[in-house]
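# quick one, fold the following:
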Amino acid sequence: MQEKKVPDGEVDFRCLFCPSTPLFSDLRSLRDHVRSDHPDRDRCCVCCGQECRSREDLFEHIQCHGSDTKEGRMLYSCERCGKKFLSEYAANVHKREEHPTNVVQPECRHCGKRFKSERHCLAHEKKHEDQGEVVQDSEASVRCDACAKTFSNRHNLLRHQRNEHTQKNSGRFRCPECGKDFVDSTR
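Next up is the predicted model:
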């Protein structure tokens, strides 16, 4: 994606807070100007001047500028969903997180859960490690003392032991509606 340049006078990158300044060549230059010369206007829309209570409200507000309007053409837009952004960086992060191009979603190597991005998957895997559920050496495995079955991590071993080696009613939860026994109260 390239910086938004003034396309043949169609869009004016002009400061709404000091109109005597010349046109800016792109949205980034205009935003840099507003940040440095008008720091009290950091939550104002550079397209129409509307003041918002928070950055989140500003993001919500800029969505009202249609892509077919002069103001909307000033902004960066996602080609997939039409959301608008004040920076190329924010638009690229959105595309990477919300519309990943990789067909195969990253999968947690400890529990198999799938994620939209590698970053989310790694953060999830770290939770397993922080809770002591994972054997740090990836080649190592943990063995069940009762049946000698091996597992790639402590979390899976404990789940196996609860499922296979507890007495039928000990440590299990009975559903009051159907009478079935479960390993925990969430199933």
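# can I see the domain layout of the protein?
The record's domain parsing of the chain by automatic domain parsing lists 27-98, 102-134, 139-187.
# make a markdown table out of these and add mean pLDDT, mean neighbour count and distance to residue 18.
To be clear about C-beta, it is placed using only N, CA and C from the backbone, and glycine gets the same treatment. Putting those into a markdown table (pLDDT from 0 to 100; neighbours: other C-beta atoms under 10 Å; distance: least, C-beta to C-beta, whole Å) gives the following:
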| stretch | mean pLDDT | mean neighbour count | distance to residue 18 |
| --- | --- | --- | --- |
| domain 27-98 | 91 | 15 | 7 |
| domain 102-134 | 79 | 14 | 40 |
| domain 139-187 | 71 | 12 | 58 |
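# dump the ones you listed to CSV, plus distance to residue 13.
Shown next, in CSV, are those (distance: least, C-beta to C-beta, whole Å):
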stretch, distance to residue 13
domain 27-98, 5
domain 102-134, 32
domain 139-187, 54
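# need phi/psi at residue 77.
Dihedral pair for residue 77: phi -120, psi 150, per degrees, to the nearest 10.
# how close does the residue nearest to it when sequence neighbours are not counted get to residue 125?
Take residue 77 and drop its neighbours on the chain: the residue closest to it by C-beta to C-beta, 6 or more residues apart in numbering is residue 84, 5.2 Å away. Distance of residue 84 to residue 125, given as C-beta to C-beta, to the nearest Å: 34 Å.
# check residue 163 too.
Going from residue 163 to residue 125 by C-beta to C-beta gives 23 Å.
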